[in-house]
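**Q** here is the input, now give the coordinates:
(chains A and B)
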Amino acid sequence: MEKLEHKFLKEYNYELGAVDKGYTNRTLYINVGTHEIKEKPVTSLMKDKFIGGKGFGLYYLWQAVTESTKWDDPENEIIISSGPIGGITQYPGSGKSLVVTLSPLTNMPIDSNAGGYFGPFLKFAGFDALELQGKAEKDVLIFIDGTKGTITIEEMPGGGVDTHILGEQLTEKYADNEEDKRNIAVISTGTAAEHTNIGLLNFTFYDVRRKGIRLKQAGRGGIGTVFRDKHIKALVIKCAGVKGDLNHPVDKLTLNKTGIKLHKEMHDLDNSQNQMRKIGTANIISIMDQYDLLPTHNYKFGAHKDTFKISPEVFISKVTQNSPDGCWHGCSMACAKAADHFELKTGPYKGQKVTIDGPEYENAAGLGSNCGIFDPDVILELNFYCDTYGIDTISYATLTAFVMECYENGILNKERTGGLELNFGNIEANFELIHQMAKGEGFGKIAGLGIRKMKEIFAKEYGADPQFLFDIGMEQKGLEFSEYLPKESLAQQGGYGLTNKGPQHDEAWLIFMDMVNNQIPTFEDKAEALHYYPMFRTWFGLNGLCKLPWNDIAPADNKLTDEPAKIPEHVQNYVDIFNAVTGKTIDKFELIRQSERVYNFQRIFNIRMGFGKRIHDKLPYRAMGPVTVEEYQSREERYDQQLKELLGYDTTGKTTEEKIKVLREYREDQYEKLTDAVYKRRGWTMDGVPTVEKLRELGMDLPELLEVVEKHR
Amino acid sequence: MKLLAKDESLCIGCGECEAVCSKTYFKEISPEKSCIRVGDQKIQVCTQCGECIDVCSVAAISRDKNGVVRINKKLCVGCFMCVGFCPELAMKMHGDLLEPFKCIACGQCAKICPTHAIHISEEA
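**A** Numbers count the residues shown, from 1 in each chain, chains lettered A, B, ... in the order given. Now for the predicted structure:
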């Protein structure tokens, strides 16, 4: 292993302090450009109105930037925070780190969450959040030693940045011995983050059973790109002696009991429900295909005859050679999977045997069916390279699918791609594309800019029809769609479109409720769901929690409850553990209001940055219905029937083009009506701006927010 | 393998075993702090099956040379997954303690049991 050279630029000592009811009441500010390091107090306003996690991230980012700040300006920050519940060891999914920055893809705030140990360790080292600002001249590493109370900024030029190597090296370097490795957590990215806008952050944890590092990703929105733009190579933290009481909760017994109750559910029911322990999120690949929801060939179709080749059973045989893994202590859902001793067939690490984390459902669907690839080993290897090169698998997959459709339409050709034959299913070209991204050369450099920038380039340079590009380019607000086909679910179109940060599934995932189970038939029902679920799910990000243990397991009697989709017993669990940690007395209604405060703050932040209004909530038509004749004809019976039943439109003798046009008008109108209903329910104007009354009602009538909404009334 | 074997038909539920167990390990008489629980002719105690060993993500649970499953408190992070996953419901949690606790087949309870409903078995 190469020797890592470090030159100390700054050392800072601090009192270790203690956590009280989930908070250290202190945050850490580091400017990597000026080397300023300081501690800031956490105010009661922060705790009352922003809670923690992404709430703290957005709060600090607001203060750091102005409406003209760009993602690569030094004043942009990366803020990492866990949240008051984060770091408890008793309840599954309680170790998330929330990361906030101005995104190079959307030019407004993005938040993304990751497992791994950094967030909890940061709190136990003494800080509720870490703000990183400025730009270093040369690559730096920041080391926070939570066992001694020291922080160092170290210059670290040279050497690789790809995480599977760097993460291992740094874990080795900063651990005193093998036993100590569990006390080290690293954040880093990879070489492709330097050359693309879709960089991610890898968060490590040391897997004591595999005796190696594992990676979890804050994937969405290009945070890794900002990280490398700041010339940060890695953050390393050390924290020893994790126990269940480090948060100093007011009521540890309730945490223990609530956690054990869910562990028991996992033990008794997971195998007959979602098999999260066995296969993780990839369990739904076949189901998605069956319901025509699996994005295939750039979201043209929802199923493919070869899906069986990448079915959950195939991945089960490739991963989980060991026992189920969580990404923080106490996660009995344990959805983290790994393929061990995987021999790479391409790229700079060809021939190396590596451990690959995943695949998650998103990777299998995106890197697989959406790009026309049905080879599980190829999906695993692309997954590996996305991670170690530091790029978001979702954006990579969706933009590659877009490029492939452009290639097949003649918008791109071999000359324009520098020889890459980017047809759907071309494995070789796909690998070449990702390796080019890491080298920052060739067509990979253009693709790495993301779909929004590519659309501009293809229209300008190659004379492509901008409307067609808009229709098939699966991005909104600059962010690539995650991997669900929302065409037949109006509510999920809203779930993707009426979001703060772009079309991800962190805010709402309503496909099953809407399309499969038909539980929300009217606009008002859908609007209620598009109010409740985004708010409920925002709450996880305020508290350092993972969403999966909420509804990827359900109590045996859940179906008998009044609102099974909400999993009422688990909602109560969250109320109970929040109160048990913080000593507060919230109920399930106040839980939603806590989220509403931050959600509206984020919306107004977007508006402040020049986005966040109705026009920005429009969707590419590919998300709503068939763009092309090929697409329409592939599901002709369904669409014809809808035209007849919903519109009384006689399809006899009509051309496919005519039918597409009528269907499109109808579907676009439905989306507008849904938008009206959702804005009304959320307390926003019809232009998507939160009203003063709403802010007053939430206690969020802060002067800086009123100033923005007044301007946009 | 050493374990505490039981014959539930002999149990009279007197609770002597619970008292001596909690006294031995926690210096107090408290059935909630006993590794063995009795009542209704049921004896709930670890069978040393070892399912908890694989459940523990920090490798804090292992089998010793006598075949007894033991918790290394230093490594344990107090997640209690082992409690929720114990097929015998014999891994225990108490609010005073940071780690779970379980029977290590010491035999104190067997010595005191008036009906010989429990005994130490050392069969292979």
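
**Q** OK, contacts around the residue of the stretch 601-713 of chain A found nearest chain B?
**A** Using Cβ to the nearest Cβ, the single residue of the stretch 601-713 of chain A nearest to chain B is residue A:602, 32.2 Å away. Every C-beta, even on glycine, is put in place using the N, C-alpha and C of the backbone. Residue A:602 sits next to A:58, A:109, A:111, A:500-501 when contact means Cβ atoms under 8 Å, 6 or more residues apart in numbering or on different chains.

**Q** now do the buried residues in the helix ranked longest in chain B.
**A** Using DSSP state H, we find that the single longest helix of chain B is helix B:16-26. For helix B:16-26, burial by neighbour count (16 or more other Cβ atoms under 10 Å in any protein chain shown) applies to B:16-22, B:26.

**Q** dig out what residue A:31 forms beta bridges with.
**A** Bridge pairing for residue A:31 (DSSP bridges) gives the partners residue A:133.

**Q** correct me, but residue A:134 touches residue A:32?
**A** Yes: contact criterion Cβ atoms under 8 Å: residue A:134 and residue A:32 qualify, at 4.8 Å.

**Q** please enumerate the shared neighbours of the two.
**A** Common neighbours of residue A:134 and residue A:32 (Cβ under 8 Å, 6+ apart) are residue A:230.

**Q** look at the residue most central in space within chain B and report its pLDDT.
**A** Chain B has residue B:103 as the residue nearest its centroid, 2.2 Å off, counting by Cα atoms, centre = their mean. What the model reports for residue B:103 is a pLDDT of 98.

**Q** and for the residue in the stretch 401-550 of chain A that chain B sits nearest to, the neighbour number?
**A** In the stretch 401-550 of chain A, the residue found nearest to chain B is residue A:549; the distance is 12.2 Å by Cβ to the nearest Cβ. Residues within reach of residue A:549, counting by other Cβ atoms under 10 Å in any protein chain shown, total 26.

**Q** wait, isn't it in contact with residue A:261?
**A** No: counting by Cβ under 8 Å, residue A:549 does not reach residue A:261; the two are 11.6 Å apart.

**Q** please state the offset of stretch B:14-32 from the chain centre?
**A** 12 Å (Cα atoms, centre = their mean, to the nearest Å).

**Q** state the distance from the residue of the stretch 601-713 of chain A closest to chain B to residue A:502.
**A** 12 Å (Cβ to Cβ, to the nearest Å).

**Q** also residue A:554?
**A** Distance from residue A:554 to residue A:502, by Cβ to Cβ: 29 Å.

**Q** go on, residue A:62?
**A** 19 Å.

**Q** same question, residue A:687
**A** In terms of Cβ to Cβ, residue A:687 sits 19 Å off from residue A:502.

**Q** for those two, indicate the residue with more neighbours.
**A** residue A:502 (25 against 13).

**Q** phi, psi of the nearest residue to that one once chain neighbours are set aside?
**A** Spatially, and ignoring its direct neighbours in sequence, residue A:502 is nearest to residue A:479 (2.9 Å; Cβ to Cβ, 6 or more residues apart in numbering or on different chains). With angles defined as degrees, to the nearest 10, residue A:479 sits at phi -100, psi 140.

**Q** so residue A:479 is in contact with residue A:500, correct?
**A** No: Residue A:479 is beyond contact range of residue A:500, at 10.6 Å (criterion: Cβ under 8 Å).

**Q** just want to know which of the two has more residues nearby.
**A** A count of neighbours by other Cβ under 10 Å puts residue A:479 above the other of residue A:479 and residue A:500, at 30 against 26.

**Q** quick one, what contacts the more buried one?
**A** Per Cβ under 8 Å, 6+ apart, neighbours of residue A:479: A:103, A:105-106, A:110, A:220-221, A:395, A:501-504.
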